[in-house]
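In: Sequence below, structure please.
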Amino acid sequence: MQDDPEQTLDLSGLLCPLPVLKAGKRLRSMQAGETLRIMATDPMAEIDLPHYCREQGHDMLGLTRSGDTFIFRIRRT
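Out: Reported below is the predicted structural model:
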């Protein structure tokens, strides 16, 4: 949606490769320029999601951590 500045996808509790697969599916359904906020608890997501963004050309806007949860912000290109 163009009115929503950011979509959210909670992937907490999912293990590799599901966070990347589900994030990719959501990003493919979005328009260029839209932002996706992803929450994931799998430690591999810290490596896999930035790698996926580099491969697909999406912009990794940020990665923060809150306890055991990684929070990613990705802009669809």
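
In: what ranges of this structure fall below the confidence cut-off?
Out: 1-4 (pLDDT under 70).

In: Isn't residue 73 up against residue 50?
Out: No. Contact criterion C-beta atoms under 8 Å: residue 73 and residue 50 do not qualify, at 11.5 Å. For the C-beta atoms, the positions are set from N, CA and C on the backbone; glycine is no exception.

In: hey, what's in contact with both of these two?
Out: Common neighbours of residue 73 and residue 50 (criterion: C-beta atoms under 8 Å, 6 or more residues apart in numbering): 60, 63.

In: Now for residue 26, how many residues are close by?
Out: Residues near residue 26, counting by other C-beta atoms under 10 Å, number 17.

In: cool, residue 14 as well?
Out: 16.

In: and the gap between it and residue 63?
Out: 17 Å (C-beta to C-beta, to the nearest Å).

In: helix/strand/coil for residue 53?
Out: Three-state assignment for residue 53 (DSSP: H, G, I helix; E, B strand; the rest coil): helix.

In: Kindly report the same for the one 10 residues further on.
Out: Using three-state DSSP, the structure places residue 63 in strand.

In: check contacts around it.
Out: 46, 49, 50, 70, 71, 72, 73.

In: Kindly reformat those residues as TSV containing secondary structure, distance to residue 9 and neighbour count.
Out: As requested, these are arranged in TSV below (DSSP: H, G, I helix; E, B strand; the rest coil; distance: C-beta to C-beta, whole Å; neighbours: other C-beta atoms under 10 Å):
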residue	secondary structure	distance to residue 9	neighbour count
46	helix	16	14
49	helix	11	24
50	helix	16	15
70	strand	12	22
71	strand	11	14
72	strand	9	23
73	strand	11	15
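
In: How about the residue nearest to residue 49 when sequence neighbours are not counted: which residues does it bridge to?
Out: With C-beta to C-beta, 6 or more residues apart in numbering as the criterion, residue 49 has its nearest non-adjacent residue at 5.3 Å, and that residue is residue 72. Judged by DSSP bridges, the bridge partners of residue 72 are residue 38, residue 63.

In: Before I go, just wanted to say thanks for your time.
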